[in-house]
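A.B. asks: Fold the following for me, if possible:
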Amino acid sequence: MYEVDSNDNIVWQYSDGPPKGFRRECAHPGIIALLDNPCEVEISSVGIIIAANTVKVSPNPSYGTITVSGLDHISDFEISVMDMLGKVVLQSKNQVELSLRDLENGQYILSILTGETKVTKSLILAQ
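C.D. replies: Down below sits the predicted model:
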């Protein structure tokens, strides 16, 4: 809160100690609050964001089949398996269990895309 002159110029910042919330009430004339409604929230979009540490790939190393966990509340996602050169060798939509039996042994990158969120995991295949 601030004290203002007749031209709305700030002349003195009002402070009576630490704030007790979003807004302090004061009976002193000339003090205004800078926020009209500090409790109003506007949400422009709603989405579920996944954190990289909640997504697990098991077993790793894999012997042919993997399960991706941590996507329980996600209804639309895409999983891509890429070789170390970045070539997509397997793609799956909305499936948490993948068969890697057609791939050669080695290291792969697993990419999980949900809307605008992308989580990347390393995977070793040893059949």
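A.B. asks: Pull the contacting residues for Gln127.
C.D. replies: Listed by C-beta atoms under 8 Å, 6 or more residues apart in numbering, the contact set of Gln127 reads 63-64, 100-101, 105. All C-beta atoms are positioned from the backbone trio N, CA, C, and that covers glycine.
A.B. asks: Save those as TSV, and put in secondary structure too.
C.D. replies: Compiled in TSV, the contacts of Gln127 are given as follows (DSSP: H, G, I helix; E, B strand; the rest coil):
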residue	secondary structure
Tyr63	coil
Gly64	coil
Leu100	coil
Arg101	coil
Asn105	coil
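A.B. asks: tally of neighbours for Ser92?
C.D. replies: 16 (other C-beta atoms under 10 Å).
A.B. asks: Any idea what it is bridged to?
C.D. replies: Ile79 (DSSP bridges).
A.B. asks: ok, it to Phe77 distance?
C.D. replies: 9 Å (C-beta to C-beta, to the nearest Å).
A.B. asks: quick one: secondary structure of the closest residue to Glu97 other than its chain neighbours?
C.D. replies: Counting by C-beta to C-beta, 6 or more residues apart in numbering, the nearest residue to Glu97 once its immediate chain neighbours are dropped is Thr67, at 5.1 Å. The three-state assignment at Thr67 reads strand, by three-state DSSP.
A.B. asks: what about Thr67, how many neighbours?
C.D. replies: Neighbours of Thr67 under the rule other C-beta under 10 Å: 13.
A.B. asks: so which of the contacts of Gln127 is the most crowded?
C.D. replies: Neighbour tally across the contacts of Gln127 (other C-beta under 10 Å): the maximum, 20 neighbours, falls on Leu100.
A.B. asks: contacting residues around Leu98?
C.D. replies: By C-beta under 8 Å, 6+ apart, the residues touching Leu98 are 65-68, 79, 81, 90, 92.
A.B. asks: Kind regards, and thank you for your time.
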